[in-house]
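**Q** quick one, what's the 3D model for this:
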Amino acid sequence: MDENELSNRIIGAAIEVHRELGPGLLESVYEEALCCELGLRSMAFQRQLSVEIGYKAQSLATGLRLDLVVENLVIVEVKAKERLSAMDRPQLLTYLRLTGMKLGLLLNFHEPLLKDGVHRVVNGL
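**A** Next up, the predicted model:
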């Protein structure tokens, strides 16, 4: 399965979570529910994955933490806020560059319709 097929399955899982819970909860709730739904759909994922950041042949003491990595192919950042900030997409693109992954999904569960809160970010896909 490639990144595009996988992203469709992830978005389907996210829509199911949003359909069940609706908007207005904390990011952590949506993240946990999405993990449950991914598991129900037999998708492998890692939650709150720590990633080292290299800088000039050194590893920085402060790494980054990714919300979800699904099937080692797609980074998923879960949000639950009124509006995405100007930094949300560039931040996800930086995560993709640092990990060498090609596709990220930014999912904002605060939207009344989740389709309006789904944003794909690509890195050379």
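**Q** contact partners of the lengthiest helix in the chain?
**A** Counting residues, the longest helix found in the chain (DSSP state H) is helix 3-21. Residues outside helix 3-21 that contact it (C-beta atoms under 8 Å, 6 or more residues apart in numbering): 1, 29-30, 33-34, 37-38, 41, 43, 70-71, 73-74, 76, 102-103, 105, 107, 109, 114-115, 118, 120, 125. Heads up, the C-betas are built off the backbone N, CA and C, glycines and all.
**Q** pLDDT averaged over that helix - what is it?
**A** For helix 3-21, the mean per-residue pLDDT is 97.
**Q** how about it: buried residues?
**A** Of the residues in helix 3-21, those buried under the neighbour-count criterion (16 or more other C-beta atoms under 10 Å) are Glu3, Leu6, Ser7, Arg9, Ile10, Ile11, Ala13, Ala14, Ile15, Glu16, Val17, His18.
**Q** beta partners of the residue nearest the centre of the chain?
**A** The chain has Val76 as the residue nearest its centroid, 1.1 Å off, counting by C-alpha atoms, centre = their mean. Counting by DSSP bridges, Val76 is bridged to Leu68, Leu105.
**Q** quick one on the thing from earlier: out of the contacts of helix 3-21, which end up buried?
**A** 30, 33-34, 37-38, 43, 70, 73-74, 76, 102-103, 105, 107, 109, 114, 118, 120.
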